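K.L.:
Okay, sequence plus prediction incoming.
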Amino acid sequence: MYDLIILGAGPGGMTAALYAARANLKVMLLEQGAPGGQMNNTAEIENYPGYESVMGPELSQKMYDPLEKLGVVNQYGIVENVEDHGDFKTVVTEDARFDTKTLIIATGAVHRELGVPGEAEYGARGVSYCAVCDGAFFRGQEIIVVGGGDSAVEEAMFLARFGKTVTIVHRRDELRAQKIIQERAFATENINFIWDSVVEEIVGNDKRVTGVVIKNVKTGDVTEVAAGGVFIYVGLIPHSEPVKTLGITTAEGWVKTDASMHTAIPGIFAIGDVREKELRQITTAVGDGAIAAQEAYNYVTSH
């Protein structure tokens with residue numbers, strides 16, 4: 001019986017583990033990948049306090065290192081279901097069951113797909129959702145980035161180091177990214193923009209991507225743009241499937257909480273990108289994690 005099980009070892013989950021372990025709770029981190037979550041797929045992080053710039057994998061490791069010293073159990077597993085038994089909860093993975101007094105859901109979110117022809121066909125053959133992972137494969141090529149938020153523009157600037165040109169395709173006539181990020185992109189010589197447009201199809205030669213078919217949403221004009229790589233950043237889908245049977249998610253799958261990270265079920269909390277909220281950043285996930293760990297401690301000690 002654990003005092004606390006945390007589903008997901010992103011920045012929020014690792015912060016919760018740190019606070020809970022320091023409060024002398026028996027803690028397990030249950031993760032299906034490397035600690036750090038999406039931070040591991042981020043090249044440079046420039047908006048985390050204390051660092052002018054830090055690589056995502058480096059920050060992930062720095063967050064994880066203290067947890068081993070504090071005795072946090074790091075368990076690999078793919079969660080299939082969570083059962084609420086009132087006084088305790090059971091986390092069911094593909095090959096084990098773990099009981100806990102409290103649970104923090106920190107499962108994050110995954111990249112949304114465009115859902116256009118050619119996207120699945122050319123996956124890993126020119127279509128990518130991770131510039132850090134795949135950018136170097138497109139050295140000297142024309143690259144398309146789809147999206148207009150922080151992630152899309154930041155990754156476009158990273159890809160500009162490798163690509164001959166990087167073209168951002170956005171369905172609106174202005175970016176949604178933070179102004180300081182926009183200014184850097186506009187000042188980067190090999191970054192171009194196609195406004196008011198959506199990608200209708202990703203085309204190729206059966207071996208790799210050769211371009212995209214783009215439609216202007218205002219004029220209806222359709223054109224084909226040559227490209228060797230297509231990087232997609234059009235939003236997130238919450239990774240909440242294992243907890244949907246608990247009835248604590250919205251219609252879109254985000255986990256509903258109050259300001260103290262409580263879900264509708266006592267003893268179950270949610271933090272980070274999987275939680276219904278406005279801003280999804282490393283800093284907000286860390287804040288969520290600290291609050292949820294304190295609330296879990298209060299729950300355990302009061303019961």
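P.N.:
All right, it came through fine. The shown structure was predicted, so the numbers you read here are calculated from the model rather than taken from an experiment.
K.L.:
residue contacts, residue 99?
P.N.:
Residues near residue 99 by C-beta atoms under 8 Å, 6 or more residues apart in numbering: 1-2, 88-91. For the C-beta atoms, the positions are set from N, CA and C on the backbone; glycine is no exception.
K.L.:
before we move on, what about residue 285?
P.N.:
When contacts are counted by C-beta under 8 Å, 6+ apart, residue 285 touches 10-12, 15, 106, 271-273.
K.L.:
can you tell me which two in those residues are farthest apart?
P.N.:
The most widely separated members of those, counting by C-beta to C-beta, are 15 and 273 (13.5 Å).
K.L.:
if we can go back for a sec, of all the contacts of residue 285, which comes closest to residue 217?
P.N.:
Using C-beta to C-beta as the measure, the one of the contacts of residue 285 that approaches residue 217 most closely is residue 273, at 28.1 Å.
K.L.:
just checking, the closest one is part of a strand?
P.N.:
No - if the criterion is DSSP: H, G, I helix; E, B strand; the rest coil, then residue 273 is helix and not within a strand.
K.L.:
For residue 253, see how far away it is.
P.N.:
In this structure, residue 273 and residue 253 are 11 Å apart, going by C-beta to C-beta, to the nearest Å.
K.L.:
From the contacts of residue 99, keep the buried residues only.
P.N.:
2, 88-89, 91 (16 or more other C-beta atoms under 10 Å).
K.L.:
Turn these into a markdown table, including secondary structure.
P.N.:
Converted to a markdown table, the buried ones among the contacts of residue 99 look like this (three-state DSSP):
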| residue | secondary structure |
| --- | --- |
| 2 | strand |
| 88 | coil |
| 89 | strand |
| 91 | strand |
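K.L.:
between those, which is closest to residue 230?
P.N.:
residue 91 (37.0 Å).
K.L.:
how about stretch 71-90: buried residues?
P.N.:
Those would be 72-75, 77, 79, 82, 84, 88-89, for stretch 71-90 by 16+ other C-beta under 10 Å.
K.L.:
how about CSV for these, with distance to residue 21 added?
P.N.:
Compiled in CSV, the buried residues of stretch 71-90 are given as follows (distance: C-beta to C-beta, whole Å):
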residue, distance to residue 21
72, 5
73, 10
74, 12
75, 14
77, 19
79, 21
82, 22
84, 24
88, 20
89, 19
